[in-house]
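J.: A structural model of the following input is requested.
(one chain, ligands or ions: 2)
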Amino acid sequence: MKSSFRPSLVNGPFQDCALYVALRWQGDALLFDLGRIDRLNPANCLRLSHVFVSHTHMDHFMGFDQLLRLTLPRDRELTVSGPPGLIDNIAGKLAGYTWNLTESYLFRLIVIERHEQHLARASFRAASGFVREPMSDVPAPPGALIETAGFRIETATLNHRIPCLAFAVVEPRHLNVRTDVLEARGWETGPWLSRLKAAIRADDDTVPIVIPTAGEPIRLDAGALRRELVDDQPGQRIAYVVDTLFDVESAERIIGLARAADVFYCESRFLDADRDEAEKRHHLTARQAGFLARAAGVRRLEVFHFSPRYQGMAQAFHMEARAEYIGETRLEDEVPWAGALLDEGRAAARVESNGGGRS
Ligand SMILES: [Zn+2]
Ligand SMILES: [Zn+2]
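T.: Ligands and ions are numbered 1, 2, ... in the order given. Prediction:
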């Protein structure tokens, strides 16, 4: 199975944050954080449909101006989502320029703020000089941000002395119809396959499905067809975590968001020798990133956002994170609350794999 999401960091690990995720099937792309983006090629920039901003510290947001400059001439919307305050931040950025020659432009920005129980929204159109136009709030359960046919975005709020959003981009599960079974049974393809997939996605095994054949149509319920005809595979999950204190609440939220992720991008501003400083500045160390990756059972960990003070020492970050990720070092032996998170993680993994025995 080919991956639908192709993620790549725009900059090196000592530079600003920006993660570009190309969506293979839609041709669109997503961007997580807006640090400097001069290395992002303009054609890739034009493919962006959604941008997600963790928080508006400069190293995560100063690329907004460049993004706007590149996307302004295009005739489609761009949605930018982030924490409370983002609408004011963007209104402030837009107010810093003169917009007297954009009346004929079709470009529109939609800005979404993730609040605890709802999404606050505003719209800014180039044609009206980017004046802020209010939009109605949308109720949204914690953790949910955006859902489209091709992907879903989940969020968690972390503690960076300000709220900082972590994100996961999640692909809907793959439901592949087995053509060998169709042929062997003499069943014809048609809209019934979409109805079957819809029933499976809704977890409703009882929906009756009528299958056209060369002779009389056959009637079976969705559950029987699911077992016989459909390969059901979970979609990709990519988690993106930056700028947070290593405390029990944030760690718990990160582990939930990154659970079983295919790739987990995690900031590591400091090495563990400077753990006290990381704590003061509300950042993670490479070792803490490795622990979170192990607790969440991710497939691959990518550490980045290293402090420039360690220039030339990238290898030390990778080694420290990896040792903790594979359990060679054990943070839970030094941090009392961390062990409990590992136990919860194992319990959650057991539930997901249909309750296998205790290992
Ligand atoms: Zn920050
Ligand atoms: Zn940062």
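J.: Could you look up the SS state of residue 145?
T.: strand (DSSP: H, G, I helix; E, B strand; the rest coil).
J.: can you tell me the helix or strand for the nearest residue to it once chain neighbours are set aside?
T.: Take residue 145 and drop its neighbours on the chain: the residue closest to it by CB to CB, 6 or more residues apart in numbering is residue 153, 4.3 Å away. The way it works is simple: take the backbone N, C-alpha and C, and place the C-beta from them, glycine included. Here residue 153, judged by DSSP states H and E, is contained in strand 152-159.
J.: Could you check the angle the next helix or strand after that strand makes with strand 152-159?
T.: Per DSSP H and E, the first helix or strand lying C-terminal to strand 152-159 is strand 163-170. Compare the direction of strand 163-170 with that of strand 152-159 by axes from the mean of the first three to the mean of the last three CA atoms, to 10 degrees and you get 150 degrees.
J.: Given strand 163-170, what are its sheet partners and their directions?
T.: strand 152-159 (antiparallel), strand 237-241 (antiparallel) (DSSP bridges).
J.: before we move on, the earlier item: dump the strand holding residue 153 to CSV, restricted to CA.
T.: Written as CSV, here are the backbone C-alpha positions of strand 152-159 (Å, rounded to 0.1, in the frame of the first residue of the first chain):
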residue,chain,number,x,y,z
ARG,A,152,-8.7,14.5,9.6
ILE,A,153,-6.7,16.8,11.9
GLU,A,154,-6.7,16.2,15.7
THR,A,155,-5.2,18.6,18.2
ALA,A,156,-4.0,18.6,21.8
THR,A,157,-3.2,21.7,23.8
LEU,A,158,0.2,21.7,25.5
ASN,A,159,1.9,23.9,28.1
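J.: for that strand, which positions count as buried?
T.: 152, 153, 154, 155, 156, 157, 158, 159 (16 or more other CB atoms under 10 Å).
J.: Out of those, flag the one nearest to residue 12.
T.: Nearest to residue 12 among these is residue 158, at 23.5 Å by CB to CB.
J.: quick one: contacts for the spatially closest residue to that closest one that is not a sequence neighbour?
T.: The spatially closest residue to residue 158, leaving aside those adjacent along the chain, is residue 244, at 3.6 Å (CB to CB, 6+ apart). For residue 244, the contacting residues are 158, 159, 160, 164, 166, 250, 254, 267, 282, 283, 284, by CB atoms under 8 Å, 6 or more residues apart in numbering.
J.: How is residue 244 assigned, secondary-structure-wise?
T.: coil.
J.: What distance do you get for it to residue 207?
T.: Distance of residue 244 to residue 207, given as CB to CB, to the nearest Å: 43 Å.
J.: All set now, cheers.
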